[in-house]
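Q: predicted structure and sequence below. I'll ask about it afterward.
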Amino acid sequence: MTTLVGIWTNLQVLALQAAPAVRWADLWKLGGMGWIYVVNLIIWTGLFLYLLRLDSRLRSLEKES
């Protein structure tokens with residue numbers, strides 16, 4: 001599976017195995033670093049969703065031509 005979805009799925013599996021679970025209460029205790037973590041998570045998620053959308057648009061354009 002060489003699509004972006006396959007690569008992302010494999011990265012998620014690796015990340016979930018390596019990273020400990022983070023609770024929202026712990027983020028409040030971290031202060032600034034917790035917010036940086038949350039903002040990074042939101043940005044990377046948005047970038048991933050944008051790339052998925054772009055991939056689907058490119059595939060549909062390739063099928064048309």
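A: Thanks, I have the structure now.

Q: for this structure, which helix is longest?
A: helix 32-64 (DSSP state H).

Q: tell me the mean pLDDT for that one?
A: The average pLDDT within helix 32-64 is 90.

Q: buried ones in that helix?
A: Gly34 (16 or more other CB atoms under 10 Å). Backbone N, C-alpha and C define where each C-beta goes, glycine included.

Q: packing partners of that helix?
A: helix 4-18, helix 24-30 (3 or more CB pairs under 8 Å, 6 or more residues apart in numbering; DSSP states H and E).

Q: going by mean pLDDT, which of these comes out lowest?
A: Looking at the helices and strands packed on helix 32-64, the bottom one is helix 4-18 with a mean of 63.

Q: spit out the contact partners of Trp44.
A: Listed by CB atoms under 8 Å, 6 or more residues apart in numbering, Trp44 has no contact partners.

Q: how close does it get to Arg59?
A: 23 Å (CB to CB, to the nearest Å).
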